[in-house]
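Engineer: Let's see this in three dimensions:
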Amino acid sequence: MNNETFNKLAFDIWEENFSPSENVYVPLILPPLIHSGLLFIGNNPSFSPAGFRRFLTDTAHSNIDPEQFFLWANRNALNLTSAIEIERFAKDKYPYFAKFRDIAMHASLEWEHIDLFFFRETSQKDFKERILRNNKLTAFAEAQLKLSKDLVQHIDPKIIVVVNAFASDLFQTQFETTFNEEFGYYQVQLSGRMVPVFLGSMLTGQRAMDRFSYQRLRWHVKKAAAALR
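Structural biologist: Numbers count the residues shown, from 1 in each chain. Predicted structure coming up:
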């Protein structure tokens with residue numbers, strides 16, 4: 001499978017769960033993916049129209065209205081090529097990704113980022129209302145998780161860093177991780193090998209990891225990467 005296949009499967013999930021005029025956004029759209037590197041996994045894509053406008057300034061997409069462009073009701077008019085280019089711009093310019101670049105550079109690895117869920121929503125309260133019923137995952141959430149599991153297998157990373165506390169809890173159970181007492185990180189089996197997994201909280205924002213914990217994480221990922229060479 002490639003990124004186009006995963007994008008189609010995500011849109012199929014939306015078709016099954018939302019009416020044509022539903023006031024939600026299209027799912028996370030994946031550009032071509034970097035394989036066999038350092039994979040960062042978040043919870044779900046935040047959606048800030050102001051943020052989009054800032055990093056699209058002085059680009060060919062500066063006139064786009066993000067709220068209309070990504071609106072599910074307008075999906076038939078969505079220019080997928082433009083959407084993929086916008087996702088690339090986000091990875092290059094959005095401050096959220098700065099520490100990912102820093103950790104990857106420190107470990108001498110290329111990096112990629114995905115989210116466990118593809119639902120665009122900044123408010124975690126509103127997001128959880130979409131994926132949980134009586135503290136259990138909905139069918140909508142389960143379908144997204146199945147897709148993200150296949151996506152992780154497809155990317156086949158050397159190391160995984162989960163950068164959200166809620167996502168870390170889910171990853172630990174959904175991916176059946178085990179803790180390696182010798183090396184001090186979790187592991188998950190992918191393609192017949194054990195992949196180091198670092199479970200943690202966000203690296204930026206109000207609930208960000210403190211700078212000392214971040215320093216340890218960066219050191220630990222570098223050590224794990226060196227051991228794999």
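Engineer: What about the closest residue in space to A208 that isn't next to it in sequence, how many residues nearby?
Structural biologist: Closest residue in space to A208, ignoring its immediate chain neighbours: M202 at 5.3 Å, by Cβ to Cβ, 6 or more residues apart in numbering. The C-beta positions use only the backbone N, C-alpha and C, and glycine is treated the same way. M202 is flanked by 18 other residues according to other Cβ atoms under 10 Å.
Engineer: P49 now?
Structural biologist: By other Cβ under 10 Å, neighbour count at P49 equals 15.
Engineer: So for it, what's the nearest residue that isn't a sequence neighbour?
Structural biologist: Closest to P49 by Cβ to Cβ, 6+ apart is P66, at 4.5 Å.
Engineer: Would you map the strands across the chain?
Structural biologist: 38-42, 111-115, 132-133, 136-137, 159-163, 178-180, 185-190, 193-200 (DSSP state E).
Engineer: nearest to F70, of the ones you listed?
Structural biologist: Smallest distance to F70 across those (Cβ to Cβ): 14.8 Å, for strand 111-115.
Engineer: could I get that closest one in PDB with only the CA atoms?
Structural biologist: C-alpha atoms of strand 111-115 as PDB (Å, rounded to 0.1, in the frame of the first residue of the first chain):
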ATOM      1  CA  TRP A 111      11.600  11.200  10.700                       C
ATOM      2  CA  GLU A 112       7.900  10.900  10.000                       C
ATOM      3  CA  HIS A 113       4.800  11.800  11.900                       C
ATOM      4  CA  ILE A 114       1.300  10.400  12.000                       C
ATOM      5  CA  ASP A 115      -1.700  10.500  14.400                       C
END
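Engineer: centre of the chain versus it, how much separation?
Structural biologist: On the basis of Cα atoms, centre = their mean, to the nearest Å, strand 111-115 sits 5 Å off its chain's mean C-alpha point.
Engineer: List the strands paired with it, with their directions.
Structural biologist: strand 38-42 (parallel) (DSSP bridges).
Engineer: and the residue with the largest distance to the centre of the chain, how far is that from R193?
Structural biologist: Most distant from the centre of the chain: E182, at 28.4 Å, with distances by Cα atoms, centre = their mean. As judged by Cβ to Cβ, to the nearest Å, E182 and R193 stand 16 Å apart.
Engineer: hmm, back to that, would you turn the strands of the chain into TSV with distance to D210 and mean neighbour count?
Structural biologist: Shown next, in TSV, are the strands of the chain (distance: least, Cβ to Cβ, whole Å; neighbours: other Cβ atoms under 10 Å):
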stretch	distance to D210	mean neighbour count
strand 38-42	18	24
strand 111-115	22	20
strand 132-133	28	12
strand 136-137	30	12
strand 159-163	14	26
strand 178-180	22	13
strand 185-190	19	18
strand 193-200	11	19
